[in-house]
Structures are given as C-alpha cells and as structure tokens.
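**Student:** My questions concern the predicted model and sequence given below.
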Amino acid sequence: MLERLAEATAGRVRRAPGTGAAGACGSARAGAWLLVAVAVCFTLVQMSAVTLRMPLGWDEAVYASQFGNHAPAAYFSAPRARGISWLAAPAVLVTGSVVVLRCWMSLLAATGLVAAYWPWRRLVGDGVAALAAALFAGLWVVQFYAAEVMPNLYVAFGAVGTAGWFLRAVDGRGPAWRWRTGVAAGLACVALIRPPDAGWLTAVLLVAAAVVPGWRRAGAALWAVGGAVVGLVPWVVESFRRFGGPLARLRTGSEVQGGMGWHLAFGMELRAVDGPMLCRPCTAGWPHPVLTVWWLLLPVVALAGLALAARRWRDRLGPLVLASACAVVMSVQYLFLLDYAATRFLMPSYALLALPVAAFGLGAPGALRGRAPRLVAAGLLSVLLVAQLAGQYAVVRHLAAGEARQREALTGLAVRLNSLGLRAPCALVGTDVPPLAFEAGCSSEAVAGNNVTLTPAGVVSRAAREPLAAAQLSSRAPGYARRWPRCTFVLTDGAHWYVFRPPPPARRWGPCRTPARSAAPPTARHGVPLVRDAALTRSR
C-alpha cells in the first residue's frame, strides 16, 4: 500500500526522465484526484460512524442559534468568535433540520481537507500530502467533529493551508500574488474563527520570514499580517461594543476559561485522547493505553520524518520544519496555559504534524538497502496504518453512540417541556440550559456563572410576561424559585433534570404528572423515544 503510494511523492522535485509537459500535467491531475479521493473516503467513513441525526451539543447550540429562526440567539461569551456561526449560517437560515446542517458541515469539512493540503502537493509531493490528509482525517476527533458546528477543525484546515501557501509565496516561483492571496485568505479565516490561534500562527510565519534567508519576502509577510487584521475586524468591533475593548475581552475570556496561566496539561491531554469530549475537571483515567500509543509516538515519528527529509529530500526539509514549528507553537496555549483539556484543542497541531509523519511513512522503506527489507518495512508500516485507522474508527463509533444517547435524551426532555406549555416565545433559565433551550425553541438565560443575562428580579418579571422555567441538574431550587413547583425528569441516559415553574397566575402550565402507561413515550423531532414515562414525577 505505502510502496505504491510512494510513487506519487516525486512531486515537482523528481519527475521521471523524459517526462514532458503532458506527462507532468497528467501526474498533477492524478495527485489532485488522490487528495480528492481521500476527502471522499473521509466523508463516507465519517457519516457511517456518526449519525447525522445527532442533536446539537452545548457549544453547537450557542453557535447555531446566532442565525435562523429555531430559537433565539444564546449569549455569546468573550472567548467565542463568530466565524463558525457564519460557516453554519447557510444551513440554519434555510431550515431547522439537524440532518441538513450535519450534511452541510460534512461537505465543508471535506472541502476544507482538500483545500488545506492542496498547496503541499508541490512542496512535499502528492503522495505525502494525500497520506498526511488521510492520517489527519483518520483521527476519531476529526471524524466526530467533521459534522459539528465547532471551530477547531477549521482552524486546523486554515493553519495547514496558510503555512502551505506561505511557503509557495516565498518560493519565488509562479504567480506570487496567487500564493499571497492564499496566505491572506487562510489567516483571515483562522482569525474569524479563533483569533488567538491566528495570532500564534502569524507570529510563526513572521519569524520564519525574518530569520530564514531564502524566505525573506516582504510581500508574503505583509499579506499574512493583512489577512490576520482583516479577519480580526469583526472580533475587535464586537469587543468594543460588548466588552470594553480587545484587552478587556481577552481578560474576560481568560476568566471564563478558569484563568489562563502556567498549567502543565500534557497529562490531561493524554487522558482525554480517547474522550471525554471535554476533560474539565480532568480526573479521567487512562482506560485504553493501546489506543493512545499514537499520541505518545507522534512527536517521535514527526522528528524521524524531519531527519529522513534532511537525509533524502533537502528541498522538503524547510517546509516540514515550518509545519512542525507551527504545530508546536499553536499547541502552547493548550499544553501550558489551560487547566483542562479536550482532544479537539490540538487538532491544528495534529493536522500540521501529519505532514512529517507522512513523509516518514512513505520515505522510510526507500531509505533501506535491498528489496526485501524495503518490502518488509512497507508491509509493516501498512499494517500499522490500518491498525491505527481501525482503532480510531472504533473509538469514534463508541464515543459518538454515547454522545448521541445523551443529546437525544435532552431533546426528549425539550419535547416534554413543549407539551407542558413551554413553547416559543419562552425562556429557560440555568447555567446548563443552552442545548435544552435550543431544542425547546426558547431563549437560554442565566443569573449566575459565565453567561449571566438576567437578574433574579428580571426572571420573576419576565415569568409574568411569557412562558419561563428554571432548569438545572441540582434539586435545590434557585433563590428566586424557592416557592415554585418542581418537576423531576429522569432521562433515558440516567441524568436527573429539575424544572421549576412559576406558580399561577404568572403562567398556566400543563400538569406535571406521569403519563398513562398505555401512552406512547414522547418522541423527539429526530424520531427517537427519549424520556421514560415512569420517570416523570411531581415534587410538592
């Protein structure tokens, strides 16, 4: 497998003797189709592993609610940026169907995968670029988040593509304005989606343009800065409008994230490699060491790829070093400045390190002497590749199934609340309500935590004007709701939700009681029965 793929690694560096323009054009087309084939396979595998009917998660509900008519816009906190909401907007503006949204995001992910590794075909060869794309796309975290309305994957695509176009721009070959446009567009996209990541990436490119003699192209550096500035404009404008300026927004964002400072998060990231989705607080164990070996070997194999490039492909060493440098720098904030972890945080680093890893995978057999050792090495690496992809597929199937159960259970609760009288226009109050409120078609409000939107007096006043309830995972009533009747819901995933309703005459609700045994269980809009009938009780 790898031996055949290695035939495509010649790229622009080692064309076969006597190959004319037609042959080079045919080879380029073959390399392009190879990358497209990887993206198509990625989409098919991802759709088979993660159901397109999965309801939106906590963060997704916040991002998706900024557009469309399904629910009012949720509070948009300081650490967030609008870019991912704009990516999802074409789907959520047209329909409230979660399937349509998932298909749209999957299509964007496949397109992003091709766009990210496209400039690298000329830098490291078609085979290395395609294998790097396959290695990155094969990770469970990429397959899971491909259809999610979440920013990290698109930061990864933007980082890989920007670094590639930057290298093309400083190479001095071809129409430089095209490559510079790619640099500016890539950095603008990253800045729109996650401004801090754009800052780290821009810093690496500027340092590279300053210290590497062959890369000292003022045009490329200026276009990089220009792209980052353009992408930051919406974030800066919103910072002045809502948070008192960019510095104040950064301080507020740091507080929301628990206070950014020196935290050694290597161990937390290792424990989160195979889930949970968010390790906060990170007290999880290390349940599947065999499936996480790749994480420990990743920097080792990447260094081996750089060493192999230094020995065999000197013209590819610079690009691979830059990719590795970008990966290291972009991981700093997640490995050293946060006191919690999530595998998705490191997706940009994984995408960049996939390039030297792919270079090692395709180049290592050829570095050996003798046909037999080469075949053995190629076979062994192929087996390891298949094992890695199979293991990651098993992980994503397991995690996606569990996540779907939890989200579908919450959707069932939203359906039940609708049936009790909590219908749009309505409001749900609580620190954990954004996904529940989105599914119910209500606005999400909070009187405590990081997303405060109402005061206790404001909650009582609003309850007199529209359907409103307080929902939380604790049975202890909020201060403003101590005299409110309480409904207890036990979801099919085992979670207990406590809903407090204002008493009459504020708003008239349907009775909170156990439905008749003969009645069918409430069904979510995704077609799955979710809330156990016998679990609906009334606390007096």
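**Tutor:** Sure, I can see it.

**Student:** quick check: domain ranges of the protein?
**Tutor:** 2-401, 410-539 (automatic domain parsing).

**Student:** could I get those domains as TSV with mean pLDDT and mean neighbour count?
**Tutor:** C-beta: built from backbone N, CA, C; applies to glycine. Converted to TSV, those look like this (pLDDT from 0 to 100; neighbours: other C-beta atoms under 10 Å):
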stretch	mean pLDDT	mean neighbour count
domain 2-401	89	19
domain 410-539	80	18
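
**Student:** Looks like residue 335 contacts residue 269 (just checking).
**Tutor:** Yes: counting by C-beta atoms under 8 Å, residue 269 is a contact partner of residue 335 at 6.6 Å.

**Student:** Residues contacting stretch 40-47, please?
**Tutor:** If you take C-beta atoms under 8 Å, 6 or more residues apart in numbering as the criterion, stretch 40-47 is touched by 106-107, 109-110, 113, 133-134, 137-138, 142-143, 146-147, 393.

**Student:** Going by length in residues, pull out the top helix of this protein.
**Tutor:** The longest helix of the chain (DSSP state H) is helix 371-420.

**Student:** Report the central residue of the chain.
**Tutor:** residue 152 (3.5 Å; C-alpha atoms, centre = their mean).

**Student:** got a list of what it touches?
**Tutor:** Contacts for residue 152 (C-beta under 8 Å, 6+ apart) come out as 145, 194, 344, 345, 347, 348.

**Student:** If we only consider the contacts of stretch 40-47, which is nearest to residue 374?
**Tutor:** residue 134 (21.1 Å; C-beta to C-beta).

**Student:** which element is the closest one on?
**Tutor:** In the assignment (DSSP states H and E), residue 134 maps to helix 126-137.

**Student:** Please work out the angle formed by the directions of that helix and helix 371-420.
**Tutor:** 40 degrees (axes from the mean of the first three to the mean of the last three C-alpha atoms, to 10 degrees).

**Student:** For the helix or strand following helix 126-137, output the C-alpha coordinates as PDB.
**Tutor:** As assigned by DSSP H and E, the chain's next helix or strand after helix 126-137 is helix 140-145. Below are the C-alpha coordinates for helix 140-145, written out as PDB (Å, rounded to 0.1, in the frame of the first residue of the first chain):
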ATOM      1  CA  TRP A 140     -11.600   9.900  15.700                       C
ATOM      2  CA  VAL A 141     -11.700  13.600  16.800                       C
ATOM      3  CA  VAL A 142     -11.700  14.700  13.200                       C
ATOM      4  CA  GLN A 143     -14.400  12.300  12.100                       C
ATOM      5  CA  PHE A 144     -16.600  13.200  15.100                       C
ATOM      6  CA  TYR A 145     -16.300  17.000  14.600                       C
END
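
**Student:** can you give me the offset of helix 140-145 from its chain's centre?
**Tutor:** 8 Å (C-alpha atoms, centre = their mean, to the nearest Å).

**Student:** Likewise for stretch 418-434?
**Tutor:** 27 Å.

**Student:** picking up where we left off before, quick one: the contacts of residue 152 as CSV, columns for secondary structure and distance to residue 420 too.
**Tutor:** Formatted as CSV, the contacts of residue 152 follow (DSSP: H, G, I helix; E, B strand; the rest coil; distance: C-beta to C-beta, whole Å):
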residue, secondary structure, distance to residue 420
145, helix, 34
194, coil, 39
344, helix, 35
345, helix, 39
347, helix, 40
348, helix, 44
